[in-house]
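# Below are the sequence and a predicted model; questions follow.
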Amino acid sequence: MSIMFGKARTCNIVPEHEPAECNIVVLGAMGSGKSALTVKFLTKRFISEYDPNLEDTYPSEEIVDQQPVLIKVMDTADQDGPVNCDRYLAWASAFLIVYSIDNRLSFEVCQQYVEAVTLYTKGPHPEAPIILVGNKLDMERYRQVNKADGATLAARFRCLFFEVSACLDFVSVQNVFYEAVREVRREAERSLSLRSLYISEDKAPISLSSASLLTPCYKELPTPTTAKLVTVKSSRAQSKRRAPTLTLLKGFKIF
Ligand SMILES: Nc1nc2c(ncn2[C@@H]2O[C@H](COP(=O)(O)OP(=O)(O)OP(=O)(O)O)[C@@H](O)[C@H]2O)c(=O)[nH]1
């Protein structure tokens with residue numbers, strides 16, 4: 001059974017031919033590697049520099065555990081930590097909250113994001129899972145955040161925790177995004193079984209026509225002609241502002 005996880009985290013049951021959707025928001029301190037992780041997942045490439053003010057959402061068709069899913073990744077660009085979160089809290093199916101293992105301050109900002117998101121997501125609706133990501137694992141020699149610190153924070157908020165590097169292997173980065181989809185599926189199943197438990201206790205039959213959770217919402221996939229172009233800054237010697245850009249064709253992976 002494929003389940004739509006798009007808006008407001010209702011679990012829409014859609015016909016098998018419709019791909020499910022999963023909206024993943026990438027949060028974290030400036031410089032923690034949100035854009036690098038996003039681009040690595042979308043293109044398998046590590047691009048070193050990005051415009052710090054560039055915030056955009058990138059779709060990618062994936063197959064996770066033999067089930068097709070349209071993953072939409074919102075790469076955020078907050079300047080001052082978890083402020084004006086409204087733009088993504090209701091939209092998100094899951095959150096990747098990123099810090100850099102070589103930057104203690106980014107870990108503290110990450111804790112602020114975990115607390116802010118948890119305040120919003122705890123409640124009757126299916127919870128949007130949080131995945132804690134310690135990035136820049138390749139910078140082990142400059143480590144300022146112990147792996148145990150990350151694990152402790154994750155345990156406190158009952159979320160998954162991974163240490164990865166956007167500039168090392170692709171599979172570890174892809175696994176973080178795929179685990180987010182798996183967690184959303186598990187949460188949707190939990191929510192459905194809880195809902196059916198209440199309904200069976202109330203002995204109230206589900207009216208298939210009225211139950212909003214069964215209302216399918218169909219998403220048109222971008223065709224090559226409609227796919228928007230987004231740019232990702234990449235620079236070597238030049239400053240970030242004048243950097244040559246790597247153009248990603250939105251909606252399709254580039255290898
Ligand atoms: N060594 C190393 N550097 C990384 C890694 N990921 C990102 N970086 C570098 O860290 C810097 C910031 O990366 P970004 O992806 O722009 O970080 P961000 O969180 O998007 O930062 P803002 O755009 O300012 O919000 C860049 O110089 C990247 O090249 C990593 O895994 N290892």
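Cool, the structure landed.
# Ala151 is in what secondary structure piece?
Ala151 is located in helix 147-156, with elements delineated by DSSP states H and E.
# Could you list the contact residues of the stretch 101-250 of the chain toward the ligand?
Taking Cβ under 6 Å from any ligand atom as the contact definition, the stretch 101-250 of the chain meets the ligand at 135-136, 138-139, 165-167. C-beta coordinates here come from the backbone N, C-alpha and C atoms, glycine included.
# Just name the closest of those residues to Ile71, please.
Taking Cβ to Cβ as the measure, Ile71 lies nearest Ala166 of those, at 16.9 Å.
# contacting residues around the closest one?
33, 36-37, 39-40, 46, 135-136, 173 (Cβ atoms under 8 Å, 6 or more residues apart in numbering).
# same thing with Val181?
22, 24, 62, 64, 69, 71, 94.
# May I ask which two of those residues are separated the most?
Longest span within the contacts of Val181, Cβ to Cβ: Glu62 and Ala94, 13.4 Å.
# So for those two, which sits in the more crowded spot?
Between Glu62 and Ala94, counting by other Cβ atoms under 10 Å, Ala94 is the more crowded of the two (27 against 18).
# The more buried one contacts Glu127, correct?
No - the criterion here is Cβ atoms under 8 Å, and Ala94 misses it with Glu127 at 9.7 Å.
# hmm, back to that, which of the residues of the stretch 101-250 of the chain next to the ligand has the most neighbours?
Within those, most neighbours by other Cβ under 10 Å means Asn135, with 29 neighbours.
# Go through the contacts of Ala166 and name the one nearest Gln79.
Among the contacts of Ala166, and counting by Cβ to Cβ, the member closest to Gln79 is Gly33, at 16.3 Å.
# quick one: that closest one from Ala166, how far?
5 Å (Cβ to Cβ, to the nearest Å).
# Can you pull the residues that touch both of these two?
135-136.
# Quick one: the helices in this protein, in order.
34-43, 86-89, 104-121, 147-156, 170-202 (DSSP state H).
# Reformat these as TSV; add mean pLDDT.
Below are those laid out as TSV (pLDDT from 0 to 100):
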stretch	mean pLDDT
helix 34-43	96
helix 86-89	88
helix 104-121	94
helix 147-156	98
helix 170-202	87
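# ranking those by burial, who's on top?
Of all the helices of the chain, helix 34-43 has the most neighbours on average by mean count of other Cβ atoms under 10 Å, namely a mean of 25.
# quick one: that helix near the ligand?
Yes - using Cβ under 6 Å from any ligand atom, helix 34-43 reaches the ligand at 34-36.
# now that helix against helix 170-202, angle please.
90 degrees (axes from the mean of the first three to the mean of the last three Cα atoms, to 10 degrees).
# May I have helix 34-43 as CSV, with CA atoms only?
Backbone C-alpha positions of helix 34-43 (Å, rounded to 0.1, in the frame of the first residue of the first chain) are rendered in CSV as follows:
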residue,chain,number,x,y,z
LYS,A,34,22.8,21.5,4.6
SER,A,35,23.3,22.4,1.0
ALA,A,36,26.2,20.1,0.5
LEU,A,37,24.2,17.2,1.9
THR,A,38,21.2,18.1,-0.3
VAL,A,39,23.3,18.3,-3.5
LYS,A,40,25.1,15.1,-2.6
PHE,A,41,21.8,13.3,-2.3
LEU,A,42,20.4,14.8,-5.5
THR,A,43,23.5,14.5,-7.7
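# list the helices and strands that helix packs on?
Packing contacts for helix 34-43, counted by 3 or more Cβ pairs under 8 Å, 6 or more residues apart in numbering; DSSP states H and E, involve strand 20-28, strand 56-64, strand 67-75, strand 94-100, strand 130-135, helix 170-202, strand 245-249.
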